[in-house]
Structures are given as structure tokens and as C-alpha cells.
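Peer 1: sharing a model prediction with you, sequence too.
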Amino acid sequence: MLYSNYSNALLGIIRKIVNDDLELAKDILQEAMVKIWNNVNGYESSKGTLFTWMLNICRNLAIDRTRSRDFKNQSKNISFNDQGTEVDEMTDEFKADTIGVKKLLNVLSPEQKQVVDAVYMLGYTHSEAAARLKLPVGTVKTRLRSAIMELRKYIKSN
């Protein structure tokens, strides 16, 4: 039941983190589902929704995999343009409709959306996001902070 209800949304997010590598994303999703199944007793509803808990497990596994030596070596063989690194494209292609994130992100300015997408959806560190977006690290941090404050304000008012 968990798999059928959440797998498509989780797979979409994992694919974004692993540069749209479907096979790798499926492997990570399978590993995540096993981890979720084995640790379901560790889920605490007071800390967030079940989906958020599952999303964090998937996201963390995908980020761990992208930071591994094997993934980095594989990525060196792909040209920069083949990775689809246009930030506007990343934001537009992210399929967040299924989890309601897209509606929330529409509250943000385009600059804030780019930074939130790079850091929280694609799993880049502040430094990696800054390099990718060609911005100073301080600007990335400032935009993230202002985006979070804007989202909190929006959520409280709705």
C-alpha cells in the first residue's frame, strides 16, 4: 500500500537528485522502501506526515549515493550540457504537483524558487548550489532564509 500510494512521487524526486538516471533512481527507491518498511516503527506522527518522513529517507539515500565515489566517477563521463543544468529547466521540470509543493513554491520569487529547488529538492550543498547558480554562497543562504520565512508566513495565513 505504501509503495502504490507514494512510489511515483518519491521516484520523481529521487530522479531529480540523481540527474534523471531512471535505473539508479529505481534502485534507490527500492533500497528506501526496504529501509522504510524496516523502520516504520521509528516514524513519529508528531514530527511530521508519513510522506515527509518517507521523502527524507529517499532524499538522504539519493544524496548519499550522489556523493559516493562511484557516482562521481560516472558523472565525469557526462558532459555538462547533457546533465540539463539550466536552473529554470530544473524548476519547471520538477514534478511537485503530487505532493503539493508546487503550490507553495509559487509564493516565492523566481530567484528563491531556484535556490530552494537546488538545495532542498536536488540535494546540493550551499556551496554546490552557489557554483551551479553562479552566485555567492552568502546570496544562496540569504535567499534560502527569505524563502523559508516567506513560506512560513504563507502557511500560517492559510
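Peer 2: Everything's here; your move.

Peer 1: quick one: average pLDDT of stretch 52-72?
Peer 2: Computed over stretch 52-72, the mean pLDDT rounds to 82.

Peer 1: export that stretch as CSV, just CAs?
Peer 2: Output in CSV follows, covering the C-alpha atoms of stretch 52-72 (Å, rounded to 0.1, in the frame of the first residue of the first chain):
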residue,chain,number,x,y,z
THR,A,52,7.6,13.8,4.7
TRP,A,53,9.3,11.1,6.7
MET,A,54,9.5,8.8,3.7
LEU,A,55,10.6,11.7,1.5
ASN,A,56,13.5,12.4,3.9
ILE,A,57,14.7,8.8,3.8
CYS,A,58,14.6,8.7,0.0
ARG,A,59,16.2,12.1,-0.3
ASN,A,60,19.0,11.2,2.1
LEU,A,61,19.7,7.9,0.3
ALA,A,62,19.8,9.6,-3.1
ILE,A,63,22.1,12.4,-1.8
ASP,A,64,24.4,9.8,-0.2
ARG,A,65,24.6,7.9,-3.5
THR,A,66,25.4,11.0,-5.5
ARG,A,67,28.2,11.9,-3.1
SER,A,68,29.7,8.4,-3.4
ARG,A,69,32.9,7.9,-5.4
ASP,A,70,31.2,5.6,-8.0
PHE,A,71,28.5,8.2,-8.8
LYS,A,72,31.1,11.0,-9.1
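
Peer 1: now find how far off-centre it is within its chain.
Peer 2: Stretch 52-72 sits 9 Å away from the centroid of its parent chain (C-alpha atoms, centre = their mean, to the nearest Å).

Peer 1: name all residues that make contact with the nearest residue to Thr139 once chain neighbours are set aside.
Peer 2: Nearest residue to Thr139, sequence neighbours excluded (C-beta to C-beta, 6 or more residues apart in numbering): Ala130, at 7.3 Å. All C-beta atoms are positioned from the backbone trio N, CA, C, and that covers glycine. With contacts defined as C-beta atoms under 8 Å, 6 or more residues apart in numbering, the neighbours of Ala130 are Pro136, Val137, Thr139, Val140.
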